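1. Show me how the following folds:
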Amino acid sequence: MNRFARLALTAFVTAGLALTGTTAASASASTPALSASPTAIAVGETTTLTATGLGGMDSIGFGLGTPASGVLLASTGDSGSKTLNVPVSGGQATAFFRASQTGSFFVDISNGERPLAQVQITVTGSAPQPTQDSQTPIIEVGSPLVVGQTTQVVAKVAGLQTVDFGLDSPDAGSFSSGSSSGPSVTAPASNGTATVDFTPSREGSVTIALSDGETVLASAVVQVSPAPATPTAAPTATATPSASPTPTATSDSGSILPWILLGVALLVIIGLTVWLILSRRRAAARGTDDTPQA
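-> Predicted coordinates:
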C-alpha cells in the first residue's frame, strides 16, 4: 500500500471514530437520568430529586418503587403524594422525597408508558431532634411555585435575630419582607422562624438560599411552573334592537258611520217628499185641464 493510500485510510478511520463518538455523546446527552441529593437520609428527612435528559418532554412522572417508603413533593412545603407529575423546563425537572420508614428504596421517573430512569435512596433511623442551639436551617415553601404568583417561604433557624434570603440569579424573582423587596432581603427571625413572600418571575429551577449575612446556612432548589394561559374573552354579541312597530292610527269610523247613514236617510226622505209633492201638483194640474167648460 502506497503512502497516499495509507494517509487516505487513516483519515477515513479517524473521521469515522469522531462521528461515532459524536453520535454516542449526543445519545448520552439525551438519555434521561435521575439523581438524589443526598442519597442517604433519615426517616422524616427530605432529599432533592433531579431528572435530566428530558429534552422534548413537557412533563415527567415521579413514582415510588415502594409506596410505603415515603411521599413525593413538588415543593418542600407540600403534604406529599405517592405519585407526582412535574413540568419539564430546559430538559430538567425537580421533585422531593420525604422518607417515612427505614430501608433502601427506589424512586423512578416515567413518561406515562414506561420507566426511564431510577435512583436508590437509603433511609436510616429517625433523625435526632435538633436542639435550639444545634438546629439545622430548613427552608420550607408554602405551595407549588408559579410564575407571577406569590407564596410564603419559611426559614427555620436558631440563634439568629435576622435571616438573609437570596436567589441564584436576580431574574429568578423577588422577595418581600415588610417594606423591603428584591432578589435578596433581610427578614426578622422570631422563635427560630423567619417568613418572607416570594414571587417567581421565570419558570424552571430556582435556588433559594439562607445566610446570616456572611455564610450560606442552607439552600433549596425549587421548581417554578409557567403561568397559566389567560383565556381570551369571547366577543359579546350585541343584540340589534328590532324596529318598533309603527302604531296604526285608530280609526274613528265607528263613531262617524251612524251619522253618515242618518244623513243619507234624511236625504232620501227629503227627496221622496219633494217627489210626492211635485207629483200631486202635476196630477192636480192635469185634472183642471180635463174639466169641460159650460
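
2. would you say residue 266 is within a strand?
-> No - counting by DSSP: H, G, I helix; E, B strand; the rest coil, residue 266 is not found in a strand; it is helix.

3. Can you get me a residue count around it?
-> 10 (other C-beta atoms under 10 Å). C-betas here are computed from N, CA, C, even on glycine.

4. One more: residue 269?
-> 10.

5. what kind of secondary structure is it in?
-> With three-state DSSP as the criterion, residue 269 reads helix.

6. For my notes, confirm residue 285 occurs in a strand.
-> No - counting by three-state DSSP, residue 285 falls outside a strand, being helix.

7. Tell me how many other residues crowd residue 98.
-> Residue 98: 20 neighbours (other C-beta under 10 Å).

8. On the three-state scheme, it is what?
-> Residue 98 is classified as strand under three-state DSSP.

9. My read is that it contacts residue 48, right?
-> No - taking C-beta atoms under 8 Å as the definition, residue 98 is not a contact partner of residue 48, at 11.0 Å.

10. pretty sure residue 202 is in contact with residue 174, am I right?
-> No - counting by C-beta under 8 Å, residue 174 is not a contact partner of residue 202; they are 11.3 Å apart.

11. okay, the two: which has more neighbours?
-> residue 174 (18 against 13).

12. and that one, what are its bridge partners?
-> Applying DSSP bridges to residue 174 gives these bridge partners: residue 199.

13. Would you mind listing the residues in contact with it?
-> 181-183, 198-199, 201 (C-beta atoms under 8 Å, 6 or more residues apart in numbering).

14. Just the CA trace of stretch 178-198, in CSV.
-> Output of stretch 178-198 as CSV, limited to C-alpha atoms (Å, rounded to 0.1, in the frame of the first residue of the first chain):
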residue,chain,number,x,y,z
GLY,A,178,-42.1,44.4,55.4
SER,A,179,-41.1,47.5,53.3
SER,A,180,-38.1,45.7,51.7
SER,A,181,-38.3,43.8,48.4
GLY,A,182,-35.9,42.5,45.8
PRO,A,183,-33.9,39.4,44.8
SER,A,184,-32.4,39.4,48.3
VAL,A,185,-34.0,40.7,51.6
THR,A,186,-33.3,40.5,55.3
ALA,A,187,-36.2,39.3,57.4
PRO,A,188,-36.5,39.3,61.2
ALA,A,189,-36.5,35.9,63.0
SER,A,190,-38.8,35.1,65.9
ASN,A,191,-38.6,31.9,67.9
GLY,A,192,-36.3,30.5,65.2
THR,A,193,-38.6,31.2,62.3
ALA,A,194,-38.4,33.8,59.6
THR,A,195,-41.0,34.3,56.9
VAL,A,196,-41.0,36.2,53.5
ASP,A,197,-43.2,36.3,50.4
PHE,A,198,-41.6,35.1,47.2
